[in-house]
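Student: 3D, please:
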Amino acid sequence: MSAVRKPSSSAVSNAISRGVAAVADLLLPRRCISCGTVVEGEGALCASCWPDVRFLSQPHCAACGFPFEFDHGADALCAACYRDIPLYERARAVFRYDDASRQALLAFKHSDRTDVAPAFAGMMAQAGRELLAEADLIVPVPLHKRRLLARRYNQSALLALALSKIAGVIAAPDLLERTRATPSQGGLGAKARERNVAGAFAVRPKRKPQLAERRVLLIDDVLTTGATVSACTKTLLRGGARAVDVLTLARVVRPAQE
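Tutor: The predicted structure is shown next:
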């Protein structure tokens, strides 16, 4: 008589997780983060909202990822980067921050839609695949502790952790800290944004050995003028990082730049 093999603890755990997920889908169906329509699977956007989102791809600036209308060559820089090359080496984003994507970003950032982090991270993994292939460490832009307490989660850290699972690159969500509570960047011009975040970040002393000579992929939700990621990049380089790339979910593309 053959022995009956008991299922492993991991198999039981996986089965329970699938069962819990199935029940959750019945009781709380996933909804499009933009319009609220019920969606299947792990998608963040429904079939109606998806075509309105303006995804970014080549050709683009070799440094900041600013989209070009025409291909100017693999190493071409936009006017802004030509005048003032960024501290980070490369920045890439999934889609434009505009009327079509704004609601989805705000829901993720302010309305507890943390369930869409894996789907958004999957998009980021595609948009930043060359950055992830070279990254040693994934680091999110931090929130100040008071803002984190009020919001209850850091959307950039959720994206960083989800990307870590997808790409198999170590994430360090607490490597950077925001040392002072800066006012919101909303409504500020480029220079005011730079002043607002100047000196606002630090590497946690206990994490410095983890940073030494590493190529860091810095994660944020939206790239606007680049002031925040530039301030973080400066802090990471001073802390011992070999190089820094930036990957965001969205980026602002100003009409005057197009």
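Student: right, and residue 37 touches residue 48 too?
Tutor: Yes. Between residue 37 and residue 48 there is a contact under C-beta atoms under 8 Å: 6.9 Å. For glycine as for every other residue, the C-beta is placed from the backbone atoms N, C-alpha and C.
Student: After the one helix or strand residue 108 maps to, heading C-terminal, what element do we hit next?
Tutor: Assigned by DSSP states H and E, residue 108 belongs to helix 99-110. Downstream of helix 99-110, the first helix or strand assigned by DSSP H and E is helix 117-127.
Student: for that following helix, packing partners?
Tutor: strand 91-96, helix 155-167, strand 243-251 (3 or more C-beta pairs under 8 Å, 6 or more residues apart in numbering; DSSP states H and E).
Student: contacting residues around residue 170?
Tutor: Listed by C-beta atoms under 8 Å, 6 or more residues apart in numbering, the contact set of residue 170 reads 136-138, 164.
Student: neighbours around residue 161, how many?
Tutor: Residues lying near residue 161 (other C-beta atoms under 10 Å) number 18.
Student: Please read off the pLDDT at it from the model.
Tutor: pLDDT, residue 161: 97.
Student: can you give me the strands for this protein?
Tutor: Counting by DSSP state E, the chain has strands at residues 91-96, 137-140, 176-178, 201-203, 215-223, 243-251.
Student: Please work out the average pLDDT along the fifth one.
Tutor: Averaging the model's pLDDT scores along strand 215-223 yields 96.
Student: For residue 76, give me its contacts.
Tutor: 59, 61-62, 68.
Student: Turn the residues you listed into CSV, columns for pLDDT and distance to residue 226.
Tutor: Output for the contacts of residue 76, formatted as CSV (pLDDT from 0 to 100; distance: C-beta to C-beta, whole Å):
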residue, pLDDT, distance to residue 226
59, 94, 20
61, 95, 12
62, 95, 15
68, 93, 17
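Student: between the strands of the chain, which gets nearest to residue 52?
Tutor: strand 91-96 (10.1 Å; C-beta to C-beta).
Student: How about residues contacting that closest one?
Tutor: Strand 91-96 is contacted from outside by 53-56, 63-65, 67, 101, 120, 123-124, 126-128, 131, 223, 226, 229, 245-253, using C-beta under 8 Å, 6+ apart.
Student: same thing but at 6 Å, please
Tutor: Residues outside strand 91-96 that contact it (C-beta atoms under 6 Å, 6 or more residues apart in numbering) are 53-56, 64-65, 101, 123-124, 127-128, 223, 246-251, 253.
Student: What ranges in the protein fall below the confidence cut-off?
Tutor: 1-29, 41-43, 183-190, 194, 196, 255-258 (pLDDT under 70).
Student: the domain parsing of it - what is it?
Tutor: Listed by automatic domain parsing, the domain ranges of the chain are 14-52, 95-257.
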